[in-house]
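> Build me a structure from this.
(4 chains)
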2 protein chains.
Amino acid sequence: MLTGREFCVTRIEKTNTSASLPQKCQHCTMRHAGLCATLTAPEMVQFNAMSHTKHFSAGQLIRLEGEPVSFYANVISGAAKTIKSTHDGRQQIVGLILPGDFIDRVFVEHAPCSVEAMSDMELCAYPRGRFEAIVKKDPDLEHRLLTLALDDLDQAEEWMLLLGRKTAREKVASFLLLLARRSHHFSCPHLVSERQAFAGPLTIHIPMTRNNMADYLGLTTETVCRQMTSLRKDGVIDLPDNHCFTCPDIERLEQEADR
Amino acid sequence: MLTGREFCVTRIEKTNTSASLPQKCQHCTMRHAGLCATLTAPEMVQFNAMSHTKHFSAGQLIRLEGEPVSFYANVISGAAKTIKSTHDGRQQIVGLILPGDFIDRVFVEHAPCSVEAMSDMELCAYPRGRFEAIVKKDPDLEHRLLTLALDDLDQAEEWMLLLGRKTAREKVASFLLLLARRSHHFSCPHLVSERQAFAGPLTIHIPMTRNNMADYLGLTTETVCRQMTSLRKDGVIDLPDNHCFTCPDIERLEQEADR
DNA sequence: CGCCTTATTGAAACCGTTCAACGATTGTGG
DNA sequence: CCACAATCGTTGAACGGTTTCAATAAGGCG
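Coordinates of the predicted model:
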């Protein structure tokens, strides 16, 4: 549930050399992200042994609030959201889950929030019991989980500033910036190579609907729309299609986002 | 930095018997709260040996964002806030720190947020290096820290729902409810005993200014004021003085807060 | 007592929402 | 393959909750 304040590149740690890694991991696009980035080769072998790939399609529920948790997972591709709702149905996305992120809280018997896929997703899943057993025997691994949880807290606090104090325009700009900073994990599918994505103005995929953006930013769909077109008219971004944007000048976007 | 969704009573775990505890801990009002509630007697001895009491007065800075962290601490009395700000000075309180809470993130070299005392405070502080050394040698303790961090995440997400989706009235009601649920840790100072606090309508101390409430709720001082008087006029609460409120019917307040 | 901070109240302005209509896109069944 | 429905995105106009600005009251501390 990391939401990525820095370009993901900064998180990549080459702790695992490709020698002696499981086949599946060697070719995994997320090998250098999130939890996996911190795994030693033996740990990776252990996790791989019990991992199985899971697929979810857009709109499918991955977890239901209050239900028992049966597995944890790393996101390989796609995007999900964790939701909290008021009694009368207003809802707020409290966590964006993107490629490289981990689902979900460890050591929590029942899911604290519902998790729903916002696009088709591929997960690398681990049975809960066996995962926890490994962690319990590996204090250093647990230390890394603690670090990840504290990172999540940072992101959550950053988002509280956004929700409580930023204007609609700043909110939308901040969100686009967040996507930009994590973009190399989910560049626009129709781009052939990453190099293409970084040549000229960045083209960044928006893996969700305007409605989901609104629920993440504490706004309405209409306001998100208006701010998007406003940013476009002011030349901050361009919108080639509904699920992409390009940004000719990231610094300009950063100014608009106030971060 | 727990913000307490449940009555604190629920968190009290009697893992430590009073036999063989350090004098200081035996008489500490926060012995059964937060981190200390989870400590074994030997652990408590260890922590006590390096603890020293620290006092801060209202308005004093406990941590400055980005500065190196030199100590961790449990809050014995008083209240503090952690703040995030936009470039142009709008600020958002992202964490309330009340008696029983822990300051701050463990294992973070530099403070991620500034922390400022909102009232006079008494802390039970531990030098950073020695604290971390103990934790590193005690995986089970680290596990408990992880659990506390995940609790904090829960609270943060609850607050994101409030900031993003609740009305001003619901925000204020939610905040008062939060105080009520943690009130037995900081009942109104002029009340002689806890029994008195729970006899008749609850009287609950508000350990901060309206301005701080506003910064926590993503509102302005004026709006907080108006909602407080509105709740008073509607008989949900009473306001004997600026830093207290009473609530004749907690369920009514819960309805107003939508939680 | 007088100064300074904090709290309260009122009136006007404004930002984002609500309501409504329409266009674009996607998917489905005839 | 097209017609149709359903969902999603966009734009406009009116409304309203919260903020802003301003003035006053209350509280705390020397």
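> Quick check: bridge partners of A:Arg63?
A:Arg63 has these beta-bridge partners by DSSP bridges: A:Val115.
> number of nearby residues for it?
22 (other Cβ atoms under 10 Å in any protein chain shown). Using the backbone N, CA and C atoms, a C-beta is placed for each residue, glycine as well.
> contacting residues for it?
Counting by Cβ atoms under 8 Å, 6 or more residues apart in numbering or on different chains, A:Arg63 touches A:69, A:103-104, A:111, A:113-115.
> Single out whichever of these has the smallest pLDDT.
Ranked by pLDDT, those bottom out at A:Asp104, which has 87.
> Please list all residues in contact with it.
Contacts of A:Asp104 by Cβ under 8 Å, 6+ apart are A:1, A:63, A:69, A:72, A:82, A:111, A:115.
> State the pLDDT value of the first one.
To tie it back to what came earlier, the one meant is A:Met1. 40.
> So the residue in the stretch 51-200 of chain A positioned nearest to DNA strand D versus chain B, what's the distance?
Using Cβ to the nearest atom of the strand, the closest approach of the stretch 51-200 of chain A to DNA strand D is made by A:Gly59 at 7.5 Å. Counting by Cβ to the nearest Cβ, to the nearest Å, the gap from A:Gly59 to chain B is 21 Å.
> ditto for A:Asn211
A:Asn211 is 14 Å from chain B, by Cβ to the nearest Cβ.
> So what's the residue count around that residue?
So A:Asn211, with other Cβ under 10 Å, has 12 neighbours.
> Dihedrals phi and psi, it?
The phi and psi values for A:Asn211, taken as degrees, to the nearest 10, are phi -60, psi -40.
> That one touches A:Thr221, doesn't it?
Yes. Counting by Cβ atoms under 8 Å, A:Thr221 is a contact partner of A:Asn211 at 5.0 Å.
> Just the buried residues of the helix or strand hosting A:Leu153, please?
Assigned by DSSP states H and E, A:Leu153 belongs to helix A:139-165. By neighbour count on 16 or more other Cβ atoms under 10 Å in any protein chain shown, the buried set for helix A:139-165 is A:139, A:141-165.
> From the contact counts, what lies against that helix?
helix A:34-37, strand A:91-97, helix A:128-136, helix A:168-181, strand B:80-85, strand B:91-97, helix B:139-165 (3 or more Cβ pairs under 8 Å, 6 or more residues apart in numbering or on different chains; DSSP states H and E).
> Now mean pLDDT too, for those, in JSON lines please.
Shown next, in JSON lines, are the helices and strands packed on helix A:139-165 (pLDDT from 0 to 100):
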{"stretch": "helix A:34-37", "mean pLDDT": "92"}
{"stretch": "strand A:91-97", "mean pLDDT": "97"}
{"stretch": "helix A:128-136", "mean pLDDT": "95"}
{"stretch": "helix A:168-181", "mean pLDDT": "97"}
{"stretch": "strand B:80-85", "mean pLDDT": "96"}
{"stretch": "strand B:91-97", "mean pLDDT": "97"}
{"stretch": "helix B:139-165", "mean pLDDT": "96"}
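> Secondary structure class of A:Met251, three-state.
For residue A:251 the amino acid is Glu, not Met. Using DSSP: H, G, I helix; E, B strand; the rest coil, the three-state assignment for A:Glu251 comes out as helix.
> Which parts of chain A belong to which domain?
Segmentation of chain A into domains, based on automatic domain parsing, reads A:4-154, A:166-257.
> Please measure how far the first residue of the shortest one sits from its last one.
Okay, so that is domain A:166-257. By Cα to Cα, to the nearest Å, the extent of domain A:166-257 from end to end equals 9 Å.
> ok and the helix holding A:Leu153 relative to strand B:80-85, angle-wise?
Going by axes from the mean of the first three to the mean of the last three Cα atoms, to 10 degrees, helix A:139-165 is angled at 70 degrees with respect to strand B:80-85.
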